[in-house]
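Peer 1: structure of the sequence below:
(2 chains)
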Amino acid sequence: MKVAGSGLKKIAGLAGPFVGLILVITIFSLMPEVSDRFLNLANIKSVATQSVIVALCALGMTLIIVSGGIDLSAASNLALSCVLVAYAINLGVPPLLAALVGVAAGGTIGFLNGFLITRLRLVPFIVTLGMMGIARGLAKWVARNQKIDAPLSWLNELMVRTSKPSWLLVSPGIWLMILFSLVMAVLLRKTVFGRHAFAVGSNELTARLCGVRTDRVKVVVYTISGLLCGLAGVMEFSRLTVGDPTVAMGLELDIIAAVVIGGGSLSGGEGSILGTLVGVFIMAFLRNGCTMMGWPNYFQEIIIGAIIIAAVTLDRLRHRQE
Amino acid sequence: MPEKPLLSLTGISKSFGPNQVLDAVDFELEAGEVQAILGENGAGKSTLIKILSGAYKPDRGRMFISGVEYRPSGPLEGRRQGIAVIYQELNLAPHLTVEENIMLGQEESRLGLVDRKKNLERIKKVLEFLCHPEISPDIPVRKLSVGARQVVEIARALASQARILVMDEPTSSLSQEDTRRLFEIIRKLRAEGVGIIYISHFLEEVLEIADRFTVLRDGKVVGRGLIKETSVEELIQLMIGRRISELFPRLPHQPGEVILSCSGIKSNRMSRPVDLDLRRGEILGVAGLVGAGRTEFLRALFGLDRLEQGLVVVSGRRFRPSFTAVSIGCGLGMQSEDRQVEGLAVRMNLADNLTLSRLKPYVRSGFLNGRKQKAAASRWIERINIKARSPEQKVWTLSGGNQQKVALARLLHQEAEVFLLDEPTRGIDVMSKAQIYELMGRLAADSKAVIFVSSYLPELLGVADRIAVFHRGQLVEVRPAASWTEASLMRAAVTGRESDPVLTGERP
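Peer 2: Below is the predicted model of the structure:
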């Protein structure tokens, strides 16, 4: 009885963002101009592929926001990784190693974020704002302020729309997104580290009082998130086939928006992976639908802006009822 | 024919869902009197105040101010009608200056520009009336002491020409000295014809400052009368509805071997190093004024502040407290004086709060077993009588007394050997207090050790075996509780001089 009750409550709690997603999908599939194309498999695959990069970063961002932080450097971090992968391949490094270089670079930036936040006792907003400039600058420096062309390799097949080999059904990028979503969901909900991250975000002083090594938790949180941004950078390179230091400008705000639409609280202690993914897909389907309808770009921006405000308002209302 | 009372409430009722919080409450307040509203947590005091201030609307009943019906549409209307409420957690903007805080929402202005000169004149008058002309209008409120902040809040009420002043637990975070000064202010306001509603758990204070009292229990008025015709015992009996046999239940316990000894402990926030031993089966009380260094001592011992020197030995294990995880591993457990800010993660649920300092039993290779964790929390809820619906209930929805029990249950669950308790009974109801005293006794009987910091001398004398006194950041004296009296404790806390044992307690 009791278990069923709490289960229902959880479903109701997740329903908020889901309602938004279903609404977006329903509206577009009812539009006569696009109804035949919008909900077909090819289009869904393409939306999913387009979501991979934002989703990977948003997974890490969820962890950070749950622990009470914020990362403004996520998109710059991604760009740096993207450029480094291209640079490494140009040097003749095997593709797998080049990808690892990209991921490791992301992890390093994330670690630096965490290290500076805990050592200098600065707020995450400031440290990552600085890091946003530093990482972007480094990316441009490495790339000498232009795109780096690199010879094609299997790395560039990670984000294709028709999967190769065909038994994968969808592109490897989507599989990676699913895999890391599962890993992060388990990490957040089922492990001691996850519980500590929630505790630090909910009340850092209490966490410390209870013997949680809050600084260590934060450094790990930012490092994990950085690694995911690095991976997203590899995916970006895979998609673009070049290392572009100006890629993903402003994407950090989309990433944060996805987490917030999915129920993450910027004051920490709240957020979920499933919610974040729903947030990512709400934005991705909206963009896709608007493009199909031939609506101008500014229209999409206005709608997404309104959705962010509506989502957070709904979230607050739900909390008040509790 | 007497004049119409300043404030009169008739038949006020209020329910939240099925919960009847106030049931036909009548209340009258005269100009120039201090009336205490007493009752346990949950008796309906806060709801009554919120209705009075305009924050809630009553379901039934009417309110009159000087005979004129008062039906506030919201708190702003309440303030306009001359009702000022000073809440337990002060409502000041820490970054704004004293002047800006006092005049907030009532700034003197001309053509939209703030008229500083006029503002300052009003503030100066008010602060002088409150006997605190030394508070500069230009300093930011965050730089003031708690006592001074309260003066600022009262000044704000006065500047808005309040005729009815409601004070909700005004002394709970004040030192004895600040409390005395607050009482002077209250007496002055009373002489000016302000009607004051005074809510406090400190019954001695109520006896000292109030003229009349009204006792609420389960939303009903169960007693009222003149303060000079009542006693602490009678008030407690009215509040809880029956006699409590003993306010400080004592369980027999014997001090055993030394379990904790600290030598030369000094953190960056203490002014002198402290040496102290604690035995198993002992309750050590710590007295002193607010800011005397008691909390800082506990924090240093537990590794919460940066340690400059000193060592701690707990059960034979030596360490320099700097990581709370290590302290917990050695058997120390600390309960913070500030439940809301530090002690509990109030937006997390009860089970998480209770088990956070020892998740180990619910972990296998890094994975947490939530079901086991909740089952364990349920057992503790039952064992120490926490009133909660389920282990998944969010902590902020619990009453103060129950929140405190969660904080204590965490230390029990953690299987601490040495309990560092900082003001464990602050702001909680009489029944919960008695349960916490009993719990401390049980711990001591169980050969655990307790350090018990409190500003309320009767409970220190009633519960502790030895009492240490802090003054201006240093430990002044430690002696058996039996050789202290309230007067001698106070003297040591205020003057910082060791008392002459021969004279102790013999002075009238």
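
Peer 1: give me the distance between the nearest residue to B:V151 once chain neighbours are set aside and chain A.
Peer 2: Spatially, and ignoring its direct neighbours in sequence, B:V151 is nearest to B:H132 (5.0 Å; C-beta to C-beta, 6 or more residues apart in numbering or on different chains). In short, each C-beta sits where N, CA and C put it, glycine included. Shown here: B:H132 relative to chain A, a distance of 31 Å by C-beta to the nearest C-beta, to the nearest Å.

Peer 1: helices along chain A, start to end?
Peer 2: A:2-30, A:35-38, A:41-66, A:74-90, A:95-119, A:124-142, A:172-190, A:192-202, A:204-209, A:214-240, A:251-261, A:273-293, A:297-321 (DSSP state H).

Peer 1: give the buried residues for stretch B:132-147.
Peer 2: Of the residues in stretch B:132-147, B:H132, B:I135, B:P137, B:V141, B:L144, B:G147 count as buried by neighbour count, 16 or more other C-beta atoms under 10 Å in any protein chain shown.

Peer 1: if I look at the second one, how far off is chain A?
Peer 2: So that's B:I135. 29 Å.

Peer 1: contact partners for that residue?
Peer 2: B:V98, B:L127, B:L144, B:A148, B:V151, B:V152 (C-beta atoms under 8 Å, 6 or more residues apart in numbering or on different chains).

Peer 1: and the host helix or strand of B:R122, average pLDDT?
Peer 2: Counting by DSSP states H and E, the element that carries B:R122 is helix B:116-129. For helix B:116-129, mean pLDDT rounds to 87.

Peer 1: so how far is that helix off the chain centroid?
Peer 2: In this view, helix B:116-129 has its centroid 31 Å away from the chain centroid, taken as C-alpha atoms, centre = their mean, to the nearest Å.

Peer 1: pull out the buried residues from the helix or strand just after it.
Peer 2: Sequence order places helix B:146-159 as the next helix or strand after helix B:116-129, per DSSP H and E. Judged by neighbour count (16+ other C-beta under 10 Å), helix B:146-159 contains these buried residues: B:147-159.

Peer 1: run through who's touching helix B:146-159.
Peer 2: With C-beta under 8 Å, 6+ apart as the test, helix B:146-159 has contacts from B:84, B:86, B:90-92, B:98, B:101-104, B:106, B:122-123, B:126-127, B:129-130, B:132, B:135, B:141, B:144, B:165, B:170, B:173-175, B:177-178, B:181-182, B:185, B:189, B:290.

Peer 1: of the residues you listed, buried ones?
Peer 2: B:84, B:86, B:90, B:92, B:98, B:101-103, B:122-123, B:126-127, B:129-130, B:132, B:135, B:141, B:144, B:165, B:170, B:173-175, B:178, B:181-182, B:185, B:189, B:290.

Peer 1: list the buried residues for stretch B:441-451?
Peer 2: Taking 16+ other C-beta under 10 Å as the criterion, stretch B:441-451 shows B:G441, B:L443, B:A444, B:S447, B:K448, B:A449, B:V450, B:I451 as buried.

Peer 1: most distant residue from the middle of chain B?
Peer 2: B:L111 (43.9 Å; C-alpha atoms, centre = their mean).
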